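Participant: How does the following fold in three dimensions:
(2 chains)
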Amino acid sequence: MNLIVLILFGTSVLLSLRSKKAGYIGIIVSSVVMVILEALPVQGTDFFFLIAGVVWALISWYSIKYDTYERWLAVLYTLSIFGMVLVLLSNNYIQFLAGWEVMSLSGYAIIGLNSKRAGTAFLFSAFSEFSTVLIVAGFAYAYSITGTINFTYLGNDIPLLLVSLGFIIKMGLLPFMLSEWLPVSHGSAPANASVLLSATMTLMGVYGILKVTLLSPSNVSLGMLFMGIGAFTVFFAALLTYTAERTKVLPGFSTIENNGGILVALGLVMAITSQYERGFLISIVLLYSLAHSVSKTGMFMISGNSSETMFSRGSSGKDKYNQIGGILVVSSLSGLLPTLGGVAVWMLLESLFMQSTQFQVLGIFSIIIGSLIALGEGLISGAMIKFISFTQLLKEKRTERISLSLPVLSAGILVVFFGVVSTFLVSRPFVSGNISLGIPYGFMIVSSLSPGTTFGVLTPVFILALISFFFMMAVVGFGRPILRKAEIWNGGVRLDSVYTSFAYSNNIRIMLKKILKPFSAETEREDGVKNIFWDSILSLGKFYRSFSRFITYKFMNSSMSWYVAYIIIAFVIVLVLAVLVY
Amino acid sequence: MRYYRYGEPEGRLIGKLGNYDLYASVISSASNYVQPDQEIRSRGEFNFSYGPSTGGLMESVRFLISTPGEVINNISAHTEFKQRSLKIIGNTIEDAQLIIERLNGFHSASHAIAFLLSIEDALGIIPDDKVQAKRIIEIELERIRSHIYVLSRMVEPAGFGVPLSFLNSLEERVSRLIGKYTGHRFFFGINGINSVNVDFAGIYVDLLPIADEIRTVQESLVGSAIFVDRLQNNGKVRSEKSTGTVARSSGFHFDARTDSEALPYASLGFMPVVELDGDAYSRLIQRINEIFQSLEIIKKMDTYSKLDIKFTSKDNSSFEKDGKGIARVESPAGDLTYLVEVKDGRIRKLDILTPSEINFPVFLESMKGGVLTDFHFNWESFGIWISELAVSIK
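Facilitator: Okay, here's the model as predicted:
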């Protein structure tokens, strides 16, 4: 079955060389086949086939009309997907790395060919390769302790630490820092490629961490480390999502924020020893990933449907399907029920609450983590309102382009659909019902720490039913809402003010001025804030360049003797390290 | 001109009066002041129009606020919505006074007295001490009421219903007291050349209960951390171009009661009180302090009247019919100056420099860098009247 899927996706790459449209249709067909063959019935890490398949089918449908670029885009797009399929199907480290690099190099080429600034692609490449180096190191260490290149149980946490650090870099995260390479580089690609990079390439990172976590022994310290990194990222990425001014940079920061949330769930998986609890936590990772991927697909498609790159500029109009779909996907990203994002956030916060009742170090830590996530979610809700308002709702004229907006509507419907049927995607021990409340078995998610106990319950279908019921009641009781349009009163003078997205988020700039340092001479950025983490990374990069230049001119200035000395010293160091390690 | 002379700039610059720069005791040729270019745009900035006809503003004025959201980068104001063109030139003094009294009804006494003092100066009339004493009582009564009103306006944006109603009732009581003694709540028709047709004897006793209640309000307001927080560091300004309460709340001892001889405050040993911080809170405290200072002044004048001191009556039998005069008084808002030219008993020329004109640019400057939610508190704390700004004399 693996081979069939690989052949199908490989054929799509070849088709794209001939015709862009054929390539995209090939991906749609291949994705559907992949979901049927690999994802159903949905269980464990096979879930990632479902996520990837849904996103690829959606975005390829969108790309058929959207792709007005030269042929290279479709080829690289399909090639990148082929790389991801390799990652998902891999049974050993070599296959995984091969797929990983095909995916990364295609992404690099897409950004390089599209971006007006050469540095953007290098930025993407630098972080991609840094990620690869850590993953290779982790896999090499895993090989050294197991003697096999196949994914197999590891009796040691060090490979997990190394590969997780590598994967989180690919997900746009850095330990207790906030890197901007992801929003900058993902935002520089065409919209369909942005989805690929932001929704599914980062998904591969989640897949990688989960895969290695399930093969590693649990470790509370390691789990807490990644929970800390995740929560820290959620809060600071949410801040920059809120202040972002570009239509594709905001979703980029939102990706980092979402991945931070997923990393918290992954950290819990690493920390918890109980297989029962792990089942619930793995479900969170999977549902959160699905929610993020589908919502982010919708978001980037809306960005692609806008002619402008900045929220406050441009003249593109609104579209009915974009509006409905957009409201649904941002609701999901805001963690609102009954969308899938709401279910995932509820499950994550519920897990942290459950841990906080255990009165251990992890319990206290969970309270702090939960507070940071709650803060981040609040900011994200504001950011999502900003996104949908300034890309759609506040637009005055209409420009209906159904072929481009129907995929957005579909993404919106899917996040609601998956939210409602999420009980069928959650690990079975955590699904129940309550006949006395009219909820049949299979429609209620139950959070619990041990079998037979109940901590909290959620019934997405019940919430949808209630919303629908009250909506219908309102319609029946009051009829269709009567809309009255009144001329805006602007103090008695002509209305000539245009509210800006920058102004929308300026409250946070002012309230958190000690962190964001707005309006200072250094904040020449479009979002008007200062990211001290990114600035320090850039300073480190500049220092490293100066240092390298110094070494190059001073010691490696085409001098054969220095070069030989360098090789000998490097060889000795490697030898010493090898002896020390073994 | 008894109070002023033409000459080189000297002492405190008060403002631009007609074609002249007005100093404490000198009027000089006007300097060329160029309005700085304010068209600097920052990221995400847009113009927010506040007014001219909207809630929160008592008079018609449009503020055009350049903001990138919350913070005010720049602000300009348009007062033309209330612009009035008053036909005064060519009128008799009595007819002119009818209009002057109504130029800013709330500060009617100050305007009428400044106008009459400038007329008297032009005609060479030296007003009687008793008339001058009554004029001081009028202006101080007006100051008490005006300051109470400004306090109420400052409380209103905080949504403090109880102190707002309390202050409104106090203002009403002062107005009724003025009405009881003068026959008109806004002093209309009581002032004339070298005459004030009022007997203020006993007014201080009537004011005492009001004074006690102002203390109560003061204690409740400064005891509210929420309210104080909205005022402290809001609209902080220290400008030599300011006047009145605004200047005195930022450490300047500017006060026409000490550096103008038009009214004999010097004989009372008057010294202005000052605050130092120059923010809206300082202006609030300054106004409260000035209310009590005005009460002290009224007390002294009331005591004089009870002692039945013989006020000097000047010999004004041979006053001129033509002339040029200037007089400056400390209205509740600050320096108020009238420059008149009289010919054949009619007004030939009239220039007015109002405190609102002086303080308005200072307010606009103080608002830069502030946030929109602080706007109301700061605006009201300045006690500016658009009616004093949007007026031209013809």
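
Participant: ok, which residues in chain B are in contact with chain A?
Facilitator: Residues of chain B lying near chain A by Cβ under 8 Å from any Cβ of the partner chain: B:42-54, B:62, B:67-71, B:81, B:371. Where C-beta positions appear, they are placed from N, C-alpha and C, glycine not excepted.

Participant: residue boundaries of the helices in chain B?
Facilitator: Ranges of helices within chain B are B:93-101, B:108-123, B:129-155, B:161-182, B:203-222, B:225-231, B:244-248, B:256-259, B:280-307, B:355-367, B:375-382, based on DSSP state H.

Participant: Spatially, and excluding backbone neighbours, which residue is closest to the residue of chain B found nearest chain A.
Facilitator: Chain A sits closest to B:G44 of chain B, with a gap of 2.1 Å, by Cβ to the nearest Cβ. What sits nearest to B:G44 in space, not counting adjacent residues and going by Cβ to Cβ, 6 or more residues apart in numbering or on different chains, is A:F502, at 2.1 Å.

Participant: Show me which positions of stretch B:92-109 end up buried.
Facilitator: By neighbour count on 16 or more other Cβ atoms under 10 Å in any protein chain shown, the buried set for stretch B:92-109 is B:93, B:96-97, B:99-104, B:106-109.

Participant: Next, give me the two most distant ones among the residues you listed.
Facilitator: Between all members of the buried residues of stretch B:92-109, the longest pairwise span (Cβ to Cβ) is found for B:I93 and B:F106 and amounts to 22.9 Å.

Participant: Find the residue ranges of chain A scoring beneath the pLDDT cut-off.
Facilitator: Using pLDDT under 70 as the threshold, the predicted model of chain A has low-confidence ranges A:1, A:41-42, A:313-316, A:519-524, A:581-582.

Participant: near chain B, which residues of it show up?
Facilitator: Residues of chain A that fall close to chain B, judged by Cβ under 8 Å from any Cβ: A:245, A:312, A:490-493, A:495-507, A:509-510, A:519, A:526, A:528.

Participant: which residues of chain B score low on pLDDT?
Facilitator: Within chain B, the stretches falling below the threshold (pLDDT under 70) are B:30-42, B:305-320.

Participant: which SS state does the residue in chain A positioned nearest to chain B fall under?
Facilitator: Nearest residue of chain A to chain B, counting by Cβ to the nearest Cβ: A:F502, 2.1 Å away. Three-state call for A:F502 (DSSP: H, G, I helix; E, B strand; the rest coil): helix.

Participant: List the contacts of it.
Facilitator: Listed by Cβ atoms under 8 Å, 6 or more residues apart in numbering or on different chains, the contact partners of A:F502 are A:245, A:311-312, A:527-528, B:43-45, B:68-69.

Participant: Would you indicate which residues of stretch B:244-252 are buried?
Facilitator: Neighbour counts over stretch B:244-252 (16+ other Cβ under 10 Å) mark B:244-250, B:252 as buried.

Participant: again, but for stretch A:495-515
Facilitator: By 16+ other Cβ under 10 Å, the buried positions in stretch A:495-515 come out as A:500-509, A:512, A:515.

Participant: same check, this time on stretch A:77-93
Facilitator: Of the residues in stretch A:77-93, those buried under the neighbour-count criterion (16+ other Cβ under 10 Å) are A:77-90, A:93.

Participant: Pick out whichever of those residues sits closest to A:S274.
Facilitator: Once Cβ to Cβ is applied, the member of the buried residues of stretch A:77-93 that ends up nearest A:S274 is A:L88, at 27.8 Å.

Participant: biggest strand in chain A by residues?
Facilitator: Once chain A is assigned using DSSP state E, the strand that runs over the most residues is strand A:439-447.

Participant: Report the backbone C-alpha coordinates of that one in CSV.
Facilitator: Presented in CSV, the C-alpha positions along strand A:439-447 are these (Å, rounded to 0.1, in the frame of the first residue of the first chain):
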residue,chain,number,x,y,z
ILE,A,439,-26.4,12.2,24.7
PRO,A,440,-25.9,8.8,23.2
TYR,A,441,-22.7,6.8,23.8
GLY,A,442,-19.9,8.0,21.5
PHE,A,443,-20.8,11.7,21.5
MET,A,444,-19.1,12.8,24.7
ILE,A,445,-15.4,13.3,25.4
VAL,A,446,-14.5,12.5,29.0
SER,A,447,-11.2,13.7,30.5
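
Participant: What are the buried residues along the helix or strand just after it?
Facilitator: Moving toward the C-terminus from strand A:439-447, the first helix or strand encountered (DSSP states H and E) is strand A:456-458. Within strand A:456-458, the residues that qualify as buried are A:457-458, counting by 16+ other Cβ under 10 Å.

Participant: what's the helix or strand just after strand A:456-458 packed up against?
Facilitator: Note on strand A:456-458: by DSSP H and E, the next helix or strand toward the C-terminus is helix A:460-478. Of the remaining helices and strands, those touching helix A:460-478 by 3 or more Cβ pairs under 8 Å, 6 or more residues apart in numbering or on different chains; DSSP states H and E are helix A:402-420, strand A:439-447.

Participant: Who are the packing partners of the longest one?
Facilitator: In terms of contact count using 3+ Cβ pairs under 8 Å, 6+ apart, helix A:402-420 is assigned the packing partners helix A:47-66, helix A:275-305, helix A:320-333, helix A:340-356, helix A:460-478.

Participant: will you turn these into JSON lines that also has mean neighbour count and distance to A:I573?
Facilitator: Listed next are these as JSON lines, based on neighbours: other Cβ atoms under 10 Å in any protein chain shown; distance: least, Cβ to Cβ, whole Å:
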{"stretch": "helix A:47-66", "mean neighbour count": "25", "distance to A:I573": "39"}
{"stretch": "helix A:275-305", "mean neighbour count": "26", "distance to A:I573": "39"}
{"stretch": "helix A:320-333", "mean neighbour count": "25", "distance to A:I573": "47"}
{"stretch": "helix A:340-356", "mean neighbour count": "24", "distance to A:I573": "43"}
{"stretch": "helix A:460-478", "mean neighbour count": "13", "distance to A:I573": "57"}
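
Participant: right, and those helices - which one's nearest A:I439?
Facilitator: Taking Cβ to Cβ as the measure, the helices and strands packed on helix A:402-420 were each checked against A:I439, and helix A:460-478 came out nearest at 5.9 Å.

Participant: now the closest one against helix A:340-356, angle please.
Facilitator: Taking axes from the mean of the first three to the mean of the last three Cα atoms, to 10 degrees, one finds helix A:460-478 and helix A:340-356 inclined to each other by 130 degrees.
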